[in-house]
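Participant: after the sequence you'll find the predicted model.
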Amino acid sequence: MRNFLAALLFGASALAGAGAAAAQNGPLRIEIDQGVIEPLPYAVPDFIPETSAASEFANQIARVIASDLSGTGLFREVPASAHISKVTGFDNPVKYADWKAVNAQALITGAVSVNGNRLTVRFRGYDVFAENELGTGLQFTGTTEGWRRMAHKVSDAIYSRITGESGYFDSRVVYVSESGPKNDRRKRLAIMDYDGANVQYLTNSAALVLAPRFSPTGDRVLYTSYESGFPQIHVLDVGKVQRKILSSGDGIMSFAPRFAPDGRTVVYSQTQGGNTDLYSMDIATGAKARLTSAPSIETAPSFSPDGSQIVFESDRSGSQQLYVMPVGGGEARRISFGKGRYGTPVWSPRGDMIAFTKQNKGRFHIGVMRTDGSEERLLTASFLDEGPTWAPNGRVIMFTRESQGSTGRALLYSVDITGRNLKPVKTPDGASDPAWSPLQQ
Amino acid sequence: MQTGTKISLAGHGLLMGWVVFGAWFPSEPLPFEVQQVALISAEQFEKLSQQRQAPQVSPEPAPLNEPEAVQPAPEPAPQPDPEPEITRPEPVAPAEPDPQVAVLPEPQPEPDVPVELPSAVEEPEVPSLVPQVAPEAQQRPSDRVAPVPVARPEPDTAVAEIEQPEVAPEEGAETEQEVQEATAPEEASDRIVTEENEGEELVASAAPAASLRPRTRPARPQPQPEEVVEAAQPAEPEQPAEEPAADTSSAVEDALAEALAGGADAEAPEPSGPPLTLGEKDALRVAVSQCWNVGSLSTDALNTTVVVGVSLSEDGKPDGSSIRMLTSTGGSVSAAKQAYEAARRAIIRCGRNGFNLPPEKYAQWRDIEMTFNPERMRIK
């Protein structure tokens, strides 16, 4: 009987299979919901020098582009030693088969010419396996001194075309340069390209400076200086090298300033009568408004990109936590509820995340969370990590990492918001308190 | 004594004599080395012993002399002056020198407005024989995230989709052996490993923290209702009722019903022939997923599901010109474009040698619609 049933079942299954086969109308349909996350291989052969004076730039520009793209952790360069064919002319047809053979999925070609002090860079990007161009080719013209910026602009364009989001290579970072032993550290403001190149110092080390912050257009920097013996907020015009004190009143300590997205208002902390609260100030008129009035310490304010809300840290609940309130002040909503203490919140330029410093069980972390406090994710863990700042595209975070011991020093690090690609940022001396500029125009 | 015995005795005697006085017991003295030994005093020995001890480490290292801080005022600008005519205004010196401000920051020359370039000449498709070069080794192999974790391959192992041992030609073999290079899949983790979670054990996190106490023994199952037994054996009513029989008969009924229902559609025009089995579909799914790299996609693109249509030739290779985006959901037009391009790369890359599909079922897989859903890939 069992044999009979088995035979019947087999026959029915066959019939069912045949029926199902016949029932498949149209194309075969499958769903792919698992993939891989790995750097995308690309090739960037040396750009073609179209004039003799362009030879020195042809290789350097290609190297900066490769450094930019590979530095993101999203791309991996196929080294020149593996290239099969050479790019001999900017307008020559691309031999896709040669690039497929070395598994280069993207190809960047370019040409450089120099006429006097004018540098012209042309480039094209290719999707090798699709055998078509990644967007249209572009041409930049500038001075020879600005060749690195032009390379960064090419990188931004390529990054944007492959990932679909804007780049962050043509940007700068202002930070506090630190030198000297830990108990006598000299600090001065410095500014550099995002990758650590072109370091320039904005102040001398006569007075302690802290927490520089870029304006939304990147032309001014707010910072806290102890020049007068107590903390005061200064605003420095980066182009004109003119600075101005944003006075809160004689003998009143003000610190932790941050520009509003409109660039006209500053929000900061002010300590008066032993209590620290948040205030806003119109830069042009000096008019102030008090935003909080709790008996606790409120500090480290940061605007949402639309300028409607402020995230800040406060110990009003008994421990240091993060809160969000309307830009004009009012009821604050606590958003951090995990174990440990939270501080230095910074709203992402995309508006979707808040980066913060977390201290728990003797370790410091840089983390991100949604603006309602959900989906908290810690990206780093070390002896001392603090002070995150966002890249202009909201994809990368730079922060300060200080090593342990009397010889420990502060350095800048960057990490992707997924927690991947953690790496130090090259600076000539110790460095802390980074603030990332917007993309340069 | 027989002659043979004499010869044997003489032979053995000679052999024993040669062994004893000849090869096995050479009379030459063994070579030896002579070393000069000097006597030293206890103080000298103590001194030598101390030299081999580890250096004493002071609890606090002596602070290093920091170089004198350079006065920043006369600091040379690292960049030469930019060309003044470009975009940014000429920096204006402040009316009064500011002692705090150190150096005039040099604004970078700003490139002019970019100019779009015409497309390059299209390269005619020329079949060429090119060597297959294995992909370059990654700088940080553990950064790769794949559906299934892969251990680090042995050194000198080429990266390939399948794992195979090295086969070297055997010396003296009569038949010629095919040389085979050792290959293995690239190292991968099944999650993003950050500094914060790199020490965590996946198994530990997946296991329950405590085990529940077993529940009391469930009640015995009630005997099957009479009507089920009857329904189970319409052909042979004398068969005793059994629980599996009831299930089987139900499955048979279901299968028959499904087959009959399918029979109604048997006249559907295309495609015809046997369908792909689940295993064959899974193999295709896995093959494409191994090349579907979402690592460089934007957040918006990772929220976008795209359906991509593709036609395959009979050797399983995708026709590049047939690949097209049919629909997209969840993201902007730009995000859909990026998501589609990543999907297209996956199909072309992993299909360049032909997908492993049964040729006899070509009609079933000639046209495929692949849905690329990145929901599970957003945060690994």
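Facilitator: Thanks, I have the structure now.

Participant: what stretches of chain A score poorly on pLDDT?
Facilitator: Where chain A drops to pLDDT under 70, the residues are A:1-25, A:248.

Participant: who's in contact with the residue in the stretch 251-400 of chain A that chain B sits nearest to?
Facilitator: For the stretch 251-400 of chain A and chain B, the shortest gap (Cβ to the nearest Cβ) falls at residue A:378, measuring 4.2 Å. In short, each C-beta sits where N, CA and C put it, glycine included. Residue A:378 sits next to A:358, A:365-367, A:419, B:194, B:196-197 when contact means Cβ atoms under 8 Å, 6 or more residues apart in numbering or on different chains.

Participant: distance from the helix or strand that contains residue A:189 to the middle of the chain?
Facilitator: Per DSSP states H and E: residue A:189 is located in strand A:186-193. Centroid displacement of strand A:186-193 relative to its chain, using Cα atoms, centre = their mean, to the nearest Å, is 18 Å.

Participant: again, but for stretch A:215-231
Facilitator: 21 Å.

Participant: gap between the two ends of it?
Facilitator: 20 Å (Cα to Cα, to the nearest Å).

Participant: that one and chain B, are they touching?
Facilitator: Yes - contact of stretch A:215-231 with chain B (Cβ under 8 Å from any Cβ of the partner chain) involves A:225, A:227.

Participant: how near is the residue in the stretch 301-441 of chain A positioned nearest to chain B to residue B:360?
Facilitator: The stretch 301-441 of chain A approaches chain B most closely through residue A:419 (2.8 Å), counting by Cβ to the nearest Cβ. Noted for residue A:419: a distance of 48 Å to residue B:360, by Cβ to Cβ, to the nearest Å.

Participant: rewinding a little: by contact count, what packs against the strand holding residue A:189?
Facilitator: strand A:172-179, strand A:200-201, strand A:209-214, strand A:220-225 (3 or more Cβ pairs under 8 Å, 6 or more residues apart in numbering or on different chains; DSSP states H and E).

Participant: Throw the ones you listed into JSON lines and include mean neighbour count, thanks.
Facilitator: Listed next are these as JSON lines, based on neighbours: other Cβ atoms under 10 Å in any protein chain shown:
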{"stretch": "strand A:172-179", "mean neighbour count": "24"}
{"stretch": "strand A:200-201", "mean neighbour count": "22"}
{"stretch": "strand A:209-214", "mean neighbour count": "22"}
{"stretch": "strand A:220-225", "mean neighbour count": "23"}
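
Participant: quick one: closest of the ones you listed to residue B:354.
Facilitator: With Cβ to Cβ as the measure, strand A:172-179 is the member of these nearest residue B:354 (49.2 Å).

Participant: where does residue A:147 land in three-state SS?
Facilitator: Here residue A:147 is recorded as helix under DSSP: H, G, I helix; E, B strand; the rest coil.

Participant: quick one: residues contacting the closest residue to it other than its chain neighbours.
Facilitator: Nearest non-adjacent residue to residue A:147, counting by Cβ to Cβ, 6 or more residues apart in numbering or on different chains: residue A:57, 5.3 Å away. Contacts for residue A:57 (Cβ under 8 Å, 6+ apart) come out as A:47, A:49, A:112, A:114, A:119, A:121, A:144, A:147.

Participant: change it to 7 Å
Facilitator: A:112, A:114, A:119, A:147 (Cβ atoms under 7 Å, 6 or more residues apart in numbering or on different chains).

Participant: mind checking which of those residues are in strands?
Facilitator: Mapping the contacts of residue A:57 onto strands (DSSP state E) picks out A:112, A:114, A:119.

Participant: of residue A:419 and residue B:360, give the one with the bigger neighbour count.
Facilitator: residue A:419 (23 against 9; other Cβ atoms under 10 Å in any protein chain shown).

Participant: once you drop chain neighbours, what's closest to residue A:363?
Facilitator: residue A:381 (5.4 Å).

Participant: same check, this time on residue A:279
Facilitator: Residue A:279 sits nearest to residue A:270 (Cβ to Cβ, 6+ apart), 5.0 Å away.

Participant: which other residues reach the helix or strand encompassing that neighbour?
Facilitator: If you go by DSSP H and E, residue A:270 is part of strand A:265-272. Around strand A:265-272, the neighbours that count as contacts under Cβ under 7 Å, 6+ apart are A:222, A:233, A:246, A:248, A:252-260, A:276-283, A:298-299, A:301, A:303, A:310.

Participant: quick one on the thing from earlier: which ones are touching the residue of the stretch 301-441 of chain A closest to chain B?
Facilitator: Counted by Cβ under 7 Å, 6+ apart, residue A:419 has contacts A:379, B:192, B:194-196.

Participant: of those, which is the nearest to residue B:375?
Facilitator: residue B:192 (15.8 Å).

Participant: what separation do you get for that closest one and chain A?
Facilitator: To chain A, residue B:192 is 5 Å away according to Cβ to the nearest Cβ, to the nearest Å.

Participant: quick one: contacts for that residue?
Facilitator: Contact analysis of residue B:192 by Cβ under 7 Å, 6+ apart lists A:418-420, B:145, B:380.

Participant: repeat that for residue A:173.
Facilitator: Residue A:173 neighbours (Cβ under 7 Å, 6+ apart): A:192, A:194, A:398, A:434-437.

Participant: the residue of the stretch 301-441 of chain A closest to chain B and residue A:369, how far apart?
Facilitator: 13 Å.

Participant: which intervals of the stretch 251-380 of chain B have sub-threshold pLDDT?
Facilitator: B:251-272, B:379-380.

Participant: so who does the residue nearest to residue A:329 when sequence neighbours are not counted touch?
Facilitator: With sequence-adjacent residues excluded and distances taken as Cβ to Cβ, 6+ apart, residue A:329 is closest to residue A:291, at 3.8 Å. Residues near residue A:291 by Cβ under 7 Å, 6+ apart: A:278-280, A:329.

Participant: show me which of these is closest to residue A:405.
Facilitator: Closest to residue A:405, out of all of the contacts of residue A:291 and judged by Cβ to Cβ, is residue A:278, at 35.3 Å.

Participant: checking my notes, the closest one in a helix, right?
Facilitator: No - under three-state DSSP, residue A:278 falls outside any helix and is assigned strand.

Participant: residues in a beta bridge with it, which ones?
Facilitator: Beta-bridge partners recorded for residue A:278 (DSSP bridges): residue A:269.

Participant: now residue A:435
Facilitator: Bridge pairing for residue A:435 - DSSP bridges - gives residue A:174.

Participant: list just the nearest of the contacts of residue A:57 to residue B:4.
Facilitator: residue A:112 (101.9 Å).

Participant: the closest one: what's it in contact with?
Facilitator: A:47, A:49-50, A:54, A:57-58, A:61, A:119, A:121.

Participant: any idea how far residue A:91 is from it?
Facilitator: Counting by Cβ to Cβ - residue A:112 and residue A:91 are separated by 14 Å.
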